[in-house]
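Participant: okay, sequence plus prediction incoming.
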Amino acid sequence: MLKRFLLITLMSYLILIGATFNGVVQVQTRLLGGALIACLCLIWAWSQRRWRWHPTALDSAILLWGIAFAISLVANSEVARRSAIGLWFVGLYIAIYYALHHALSNKGLQRQWLVDGMLIAGVPIVFVGFAQVQMTLNAGLPIPRPVSTFGNPNTFAAFLVMLLPFLLTSLAAAKKPLPRTVLGVYAVAALGLGILTFSRGGWIGGAVALGVWAGLSLPLRRWWGLLSTILKSMVLIIGVGAIIGFAGILLYSLTLGGRTLDLRTWLYDTAVQLFAERPLTGTGFYTFGAGLARLNALPPLEPHSHAHNIILHVAAELGLIGLLPLALTGAIILRALWVGFRKRTQDRFLIIGLSAFVGFIVHQLLDVPVMMPTIALVAVVVLVLALPAREEALPQRHWHWQPVGLAFIGLILTLSGGWEALNYRDYVAALSSGIASSDYRAAADRLQVLIDRDPRLAIYSEQQGMLLGLAAASGDQGAARQAVASFVRYTTLEPSYVSGWANLAAMQAQTGDFAGAILSIERALVLSPDMWSLLYRLGEYREAVGDPDGARRAYDRTLRLNPTLMFSPEWNESPVRVTMTTGDYEVGAYPQTIFLLAQADVAAARVVWQAFPGHTISDSTFYVIHMIFALADGDPATANSLWDAARRTALNASHRGWLALGQAFRGEIALDQAMSAARAQVTPPPTGSDWALGLNKAYSQFLHLAIPRQFLPQVGYSEVDGMLLYLLRNEESLRRLMGAATP
């Protein structure tokens, strides 16, 4: 019996820890989780003479969820393969919920083991987060938003929100000095990291979780009665002040660059639009990312897999048929939690589960970190602790269908997860070999085997097209023709992504099909109408088919979006573009400043720069420009201070390119050496990243690794600062600018 208990406990925590350390890509979790659940179910099936099946509080809600998923699959059959990715994990979570509930109901698993396992699993996660902060500070950089093993600070915060009640309850129960000290340090570290994540949803969820925990576990009413009137007044003043201060910090955070409210409202608006399109059945489970791409310009906006609000997210993907079980689930959980709390007010496990789960739910109203399998698995553990087990059990028989059915589900999860994991192994091997050897065509051929096995998983076709397109960049016309077929297949399966249509257009143009390329690039422009690189290509394609007026219109829109292109050497290589070097194109203050500095007119550049409202932004590029003015003024102390700030805030390739030039301005290296270093920074390798946020699509919407490059080199997409490119392509201007930086 003891061995069986230990085996169940070990398996439960292997699932939790295994999922945690898989990082962003969770495919291997399928094989691990499915196999462990299948083993658990087989153990239960074998022990049915002793164990009895107890109904759970969520049985009716889970049944209703199953009906909703089934209706959604039928109504959105075109995205069934994509929905299957998410449904596999839903099946895993349901199986784990029943597995833990069944073991607890039959005394085969102790709730203390769940608490201990959670604390043990959290140790390496908190340690990694602390190490990230420490290493960043040691490097002299600003305090980071730690991500630990999750790769995202909001997800890390979600884990910490649920971990804190475990820590505080265990700390309160500890009697000996050593455990109390260890748990105290652990709790302080977790709380501090939660604050540093700068996750507003995590802050609010954590505050609610701590408030519920304090209200349930501390004798606040008795303490309040012992206080004098003066002390009560002071406590109230401090409490109100803390609430006002917390609210003020939250409101102030909405004014910070990259943290404003509009970065969330567009997600909410998209969810509402998707719900309005199909209010009954939604767009299909696990499809919000595709809907977001269809209704918004990605790029420049960032791909997301959820609406950052669980209610809006369910409404968008499942419609009314999903909102009904969501409401029922919420009502059942609230009722069960309330009844359980009223009956067992001294139950510390119930206190842990209740406070952690309430904090978790509040967080889901401001973000949806439950999309991360690790967070969902932890939430299942918390839910099992929070929901009181029913005392009644089904009549004892030789066997019951429930554990047998659970064993069957575990078997399905194992077989499907194993098949997916084996495919994923071959997929990663093909990509790795192509990147390592630069034999992109051979790697693309290896992917064809996977496409034949799983033709409706779109990412296989997309990555094959990318590999073939990279081979075509070296002049392989056969690879270009094959890439067209791959991208046609990809855009048929996933028509919502700009990159698919842009890459298809580039390959069609390379094979001479400019009419097809125009249709594809126009489809891409419908999705992202202000993407100047697409308009630039459209102009080229229209020139190629003998449509100078259409080309001129495309180039005109290009210059209105990026007027500095007219100063690039390539602009005059086109008969149509050469006639468009003048016009009412508004060049911004930042480009004007660089142009004036490149003419050694420091005084005029300073006037334009100081009138630019954004010149005070804490940006590495702008610090370098301020440094140039300081050097021109003969103020080395200020220049050194600005240089330190520039190095601390360098976040991307453009920043690092400016830093390379900055070394030449400071006289640390020769200009030729600085230009070579800067070009190396802004020129990604063939498979390197060109759109930094683009990988979120593969990671979070398909749970697969992918080539970092999102647009083929033939598309010409770049996030690099245009003025930096201008200087690197105009050495004479760069030398004049360097002279301007010399007092």
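Facilitator: Cool, got the structure. Numbers count the residues shown, from 1 in each chain.
Participant: what's the pLDDT at the nearest residue to Ala480 once chain neighbours are set aside?
Facilitator: Spatial nearest neighbour of Ala480, excluding adjacent residues (Cβ to Cβ, 6 or more residues apart in numbering): Ala472 at 3.7 Å. Quick note: C-beta positions are derived from backbone N, CA and C, even for glycine. What the model reports as pLDDT for Ala472 is 96.
Participant: now the biggest helix by length in the chain: buried residues?
Facilitator: Across the chain, the longest stretch assigned as helix under DSSP state H is helix 401-437. By neighbour count on 16 or more other Cβ atoms under 10 Å, the buried set for helix 401-437 is 402-403, 406-407, 409-410, 413-414, 416-417, 420-421, 423-424, 427, 430-431, 434-435.
Participant: can you report phi and psi for Asp445?
Facilitator: Main-chain dihedrals, Asp445, degrees, to the nearest 10: phi -60, psi -40.
Participant: distance of Thr181 relative to Ala187?
Facilitator: Going from Thr181 to Ala187 by Cβ to Cβ, to the nearest Å gives 11 Å.
Participant: which one's more surrounded, these two?
Facilitator: Ala187 (18 against 12; other Cβ atoms under 10 Å).
Participant: which residues touch the more buried one?
Facilitator: Going by Cβ atoms under 8 Å, 6 or more residues apart in numbering, Ala187 touches 164, 167-168, 171.
Participant: tell me where the stretch 451-600 of the chain has helices.
Facilitator: For the stretch 451-600 of the chain, applying DSSP state H, counting those that start in this stretch gives helices covering 458-472, 477-493, 498-510, 514-527, 532-544, 548-561, 589-598.
Participant: compare the ones you listed and give me the one nearest Lys107.
Facilitator: Comparing the helices of the stretch 451-600 of the chain against Lys107 with Cβ to Cβ, the closest turns out to be helix 458-472 (45.4 Å).
Participant: gap between the closest one and the chain center?
Facilitator: Relative to the centre of its chain, helix 458-472 is centred 23 Å away, using Cα atoms, centre = their mean, to the nearest Å.
Participant: stretch 453-470 now?
Facilitator: 22 Å.
Participant: give the rounded mean pLDDT of stretch 664-681.
Facilitator: For stretch 664-681, mean pLDDT is 90.
Participant: now do stretch 126-136
Facilitator: pLDDT averaged over stretch 126-136 gives 89.
Participant: now the stretch 101-250 of the chain, which segments are flagged as low pLDDT?
Facilitator: Scanning the stretch 101-250 of the chain for pLDDT under 70 picks out the ranges 219-228, 231-232, 235, 239-240, 242-243, 245-250.
Participant: residue boundaries of the helices in it?
Facilitator: 111-138, 153-173, 177-196, 200-217, 220-226, 229-253.
Participant: go through the third one and flag the buried ones.
Facilitator: Buried positions in helix 177-196, judged by neighbour count with 16+ other Cβ under 10 Å: 183, 186-187, 189-191, 193-194, 196.
Participant: redo those residues as TSV? Include distance to Asp619.
Facilitator: Formatted as TSV, those follow (distance: Cβ to Cβ, whole Å):
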residue	distance to Asp619
Leu183	42
Tyr186	38
Ala187	37
Ala189	32
Ala190	33
Leu191	32
Leu193	27
Gly194	28
Leu196	22
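Participant: now, which of these sits nearest Met566?
Facilitator: Proximity of those to Met566 (Cβ to Cβ) peaks at Leu196, which lies at 45.3 Å.
Participant: tell me how far the closest one lies from Leu168.
Facilitator: The gap separating Leu196 from Leu168 is 19 Å, by Cβ to Cβ.
Participant: ditto for Gly500
Facilitator: 49 Å.
Participant: higher neighbour count, these two?
Facilitator: Of the pair Gly500 and Leu168, Gly500 is the one with more neighbours under other Cβ under 10 Å, namely 29 against 24.
Participant: which residues does the residue lying closest to the more buried one once chain neighbours are set aside contact?
Facilitator: Spatial nearest neighbour of Gly500, excluding adjacent residues (Cβ to Cβ, 6+ apart): Thr491 at 4.5 Å. For Thr491, the contacting residues are 497, 500-501, 504, 520, by Cβ under 8 Å, 6+ apart.
Participant: with distance to Glu462 added, can I get those residues in JSON lines?
Facilitator: What follows is the contacts of Thr491, written out as JSON lines (distance: Cβ to Cβ, whole Å):
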{"residue": "Tyr497", "distance to Glu462": "8"}
{"residue": "Gly500", "distance to Glu462": "7"}
{"residue": "Trp501", "distance to Glu462": "12"}
{"residue": "Leu504", "distance to Glu462": "10"}
{"residue": "Ser520", "distance to Glu462": "15"}
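Participant: related to what we said a few turns ago, let's have the helices of the stretch 451-600 of the chain in TSV, adding distance to Val380.
Facilitator: Shown next, in TSV, are these (distance: least, Cβ to Cβ, whole Å):
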stretch	distance to Val380
helix 458-472	28
helix 477-493	32
helix 498-510	35
helix 514-527	37
helix 532-544	44
helix 548-561	48
helix 589-598	50
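Participant: what's the closest of those helices to Arg82?
Facilitator: helix 458-472 (7.6 Å).
Participant: what is that closest one packed up against?
Facilitator: Secondary-structure packing of helix 458-472 (3 or more Cβ pairs under 8 Å, 6 or more residues apart in numbering; DSSP states H and E): helix 401-437, helix 440-453, helix 477-493, helix 498-510.
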